[in-house]
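Engineer: only geometry, no sequence info:
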């Protein structure tokens, strides 16, 4: 078969060469292949069907063979037997198969550039052989799934379904008829020895792609330097050296370990939740803000992102002030105070934060090196303490350090809370030490592999720091007594040694001199009294001081880097208007220099205060609020059960995450209840603001997933419940066409369905559907119209309406009322359109729908007024006017289209409830007048009756309306409905229907029947005579309407019915025309004769 095809192709080469120049000249001008260089070097390839030693054709840069190693995509061309190879194309011997079509792709790189690839797949293709077939159908590739600005590679657009499925342009290659069949057949055969397929990228190509997509010289950190080091430095704060020993003195060893374990449980759960979110897709820069916003949406993410960035900025000031206080204490010990204590803290703090800013601005690499140095100092200080704890010196015994002893350990095992301290107050003091677990995640954009680095580094840091805190708690409680005087003379005599009960007594010391009989203590040393006791225990005291400096400076440096990074990510998303200027980055690492300056200013302002005892609890609560939302994000995403929630980190549980969120909230109130309240108020305020602004972002948050899950669950539950009259709602299928084509119809129906019932904007399209449903739905939402846009494709409008009547909606959320506009121009067009229009109303009744027809004398359709018309689907806003000059009729139409959007002044809604249709004719005006725009209008009810029973009928109707609890201003009983109409109106009606009469009495029966069959809308003489009374009633009702309701804001009237098959479309349309002409806005209503009102409870 292959040889047969080759022979056929050779025989066709001459005929093909004749048309090649024309084909090429046409299509080369339209499509062009641009190749992206990714990997240098190309291996010479030869055609599988040719000689392996065949040289490359002249003029080609690479050996002929269909593979260009320099190009991202392999390109194959049709052969040109004449030898004239098209420019910028690689000659190749072979045809492509017939399922290739013209396509267009777009590649996006992370560097900000956008590369567009235009290629003609009749002459070129990206995918040469898929499983042996020459086709553009692509194999799975990671590049298809990248986002538009993919940081790790170019986005590749796969062939669209239309490109693979739609019919080919048969006139593309004008081959001779005698060869067309064989060519088509051969083109679909597999190429056993064809060109190389677009294989997966080699490691070299992968590396080249990754390198090309990133800025040159960008610094990316691994999990140790980027996450582990930062988290440990933040968790090992000054609390380790100057507060841990005091906590042990107050709470004892057991409760101190409980405090550490409680804090570790909270941070571990948060770490697990962070790991789950971080491994559920690619993580960009922004840390906690990015994780929360992409999980819970912009409302929570925006509120937390702002306060989290602010908290980090103020945390810089906290750590710097802690460092400055230590420096000032050292200066005071050697009598080197510059001015006074407060001003010295300000001076030292200002100098320190300027130096830290310089390190940060110098770049992430310098900042990382500084962090490594500080970590080495900090670890050295920790080892220095533990080594010193095993070396008891007699000179330190008077200060409470005696070395490890079981007696000291047992004495310090229980709590000894003094003053106002309690377990929770001590816990509140310790917990801020555990709030550094997001230090690594905050620079997620600078990590080489955030999905690996964040879980591994964060959890390992929590484990290591937790073990160290527990070790310090047990160690200090086992070798240091709670109280000591520091006086070497406080020893006990041998005579009274037997009566000693304190742990220090067996070492020969009596520290009771600093304990008063009333329980007060004035000791200077020991766990309870000396914050620097770890310096005493350590092998070399100054190293502990260096550790304190390292802990404070490293935490300050990490916060100084985190705050601008988080703030930059927040500003890039444009959640808060006016902050876009801080989104700009500089240099190879996209450093947020403006954010650094802003963070510096905030930190400096709080450093100048020099007293952060009030603001510190708020900062801790800000961090805890972030942790709570991270935990809640995991619970929320798991609860939503979205298929997109697939974290590769499996060691999490939704209920554990929920418990973690609750624990974080509890800890917030334990630390400081008023600060917790303030934090919640700020978060909720920002949440409400972002919700009100409705940023135009779509991140696939779990909030959307849960909304869908709940909607599906409730819809299913609703379907299992039988309908009840009390719960009836008008659920309308409104045939609007494009939603902005008939504004008056849209506004009126929306007025009585908003927050009450379902509204579906139906659109029947007789041309191929385009993918614009989302755009029109977005237009509805933008215009605050609570409706669904549902287009269908059909041969004609009646068929499409039938589709919608049968299939629109879901379960109980299905329409029960068809709403259409009156066909004002019915007399001007093809009467078969009138036949279709009337049959739509009949179809609605057949499917047990109610029917509503709205008529404005000016008309409803304004699509032709827009500047470019409906063909371009222009979205002119309802109040925007076309720049073209409008004639008087169009101007009136445009004004009338806004009639129901405006506030209705004092007036009436006249309800002509002539026939009982179940109550829909009465329910719609009741719902309408309950709305704000219509609440100044009163309901007037008009009913038919007899002259001698007017009072009786009025009282009966008043009783019925009272039972229905519907307010009304007046009831009018029309006793003269059956009065004969005016002669001139009857004459006008007869003149109107004259062109549409069949007049079967004037022609042969066969001729009449044939005409009626071809034009079913025609009015027969028999029909006209049979329904003479009903015709007169419509004429008379129009006279009464003009008499009683000519000034009404809206008329709601019972629609006359026409028996299907008995009344022709022209006659029924004439009735509707006669009844509704020359009147205010008129709504013709006919329910499905099922009760929609009840007076039973």
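Structural biologist: Great, that's in hand. The model shown is predicted, which means the values in this text are computed figures rather than measured ones. Numbering: from 1, shown residues only.

Engineer: Show me where the stretch 901-1050 of the chain dips below the pLDDT cut-off.
Structural biologist: Nowhere does the stretch 901-1050 of the chain drop to pLDDT under 70.

Engineer: That one: helices as residue ranges?
Structural biologist: Here the stretch 901-1050 of the chain has its helices, by DSSP state H, counting those that start in this stretch, at 920-929, 950-963, 983-993, 1005-1014, 1021-1026, 1028-1044.

Engineer: how about low-confidence regions in the stretch 401-550 of the chain?
Structural biologist: Ranges of the stretch 401-550 of the chain meeting pLDDT under 70: 489-501, 516-520.

Engineer: From residue 821, how far out is residue 861?
Structural biologist: According to Cβ to Cβ, to the nearest Å, residue 861 stands 7 Å off from residue 821. Using the backbone N, CA and C atoms, a C-beta is placed for each residue, glycine as well.

Engineer: Can you pull the residues that touch both of these two?
Structural biologist: residue 742 (Cβ atoms under 8 Å, 6 or more residues apart in numbering).

Engineer: Need the nearest residue in space to residue 997, chain neighbours excluded.
Structural biologist: residue 1019 (4.9 Å; Cβ to Cβ, 6 or more residues apart in numbering).

Engineer: So that neighbour sits against residue 1000, correct?
Structural biologist: No - counting by Cβ atoms under 8 Å, residue 1019 sits too far from residue 1000 to count as a contact (10.1 Å).

Engineer: circling back: pick the most buried one from the helices of the stretch 901-1050 of the chain.
Structural biologist: Burial of those is given as mean neighbour count (mean count of other Cβ atoms under 10 Å); helix 920-929 ranks first at a mean of 24.

Engineer: Spit out the contact partners of residue 430.
Structural biologist: Taking Cβ under 8 Å, 6+ apart, one finds 239, 243, 244, 247, 259, 260, 263 in contact with residue 430.

Engineer: Sort out which residues of stretch 748-757 are buried, please.
Structural biologist: Residues of stretch 748-757 classed as buried by neighbour count (16 or more other Cβ atoms under 10 Å): 748, 749, 750, 751, 752, 753, 757.

Engineer: mind checking how far that stretch is from the chain centre?
Structural biologist: 27 Å (Cα atoms, centre = their mean, to the nearest Å).

Engineer: what's the span of it from first residue to last?
Structural biologist: 13 Å (Cα to Cα, to the nearest Å).

Engineer: same question, stretch 233-252
Structural biologist: Stretch 233-252 end-to-end distance (Cα to Cα) = 26 Å.

Engineer: Quick one: the helices in the stretch 301-450 of the chain, in order.
Structural biologist: 341-361, 364-389, 406-411, 423-430, 450-479.

Engineer: Could you check which of residue 1019 and residue 1000 is surrounded by more residues?
Structural biologist: The residue with more neighbours, out of residue 1019 and residue 1000, is residue 1019; 22 against 17, by other Cβ atoms under 10 Å.

Engineer: mind listing the strands for the stretch 601-750 of the chain?
Structural biologist: Chain-ordered strands for the stretch 601-750 of the chain, with DSSP state E, counting those that start in this stretch as the definition, fall at 732-735.

Engineer: so where's it shaky on pLDDT?
Structural biologist: 611-618.

Engineer: I'd like the helices of the stretch 301-450 of the chain as JSON lines, with distance to residue 288 appended.
Structural biologist: As requested, those are arranged in JSON lines below (distance: least, Cβ to Cβ, whole Å):
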{"stretch": "helix 341-361", "distance to residue 288": "19"}
{"stretch": "helix 364-389", "distance to residue 288": "19"}
{"stretch": "helix 406-411", "distance to residue 288": "40"}
{"stretch": "helix 423-430", "distance to residue 288": "22"}
{"stretch": "helix 450-479", "distance to residue 288": "11"}
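
Engineer: from those, which stretch is densest packed?
Structural biologist: Comparing the helices of the stretch 301-450 of the chain on average neighbours, where mean count of other Cβ under 10 Å defines a contact, helix 450-479 leads with a mean of 22.
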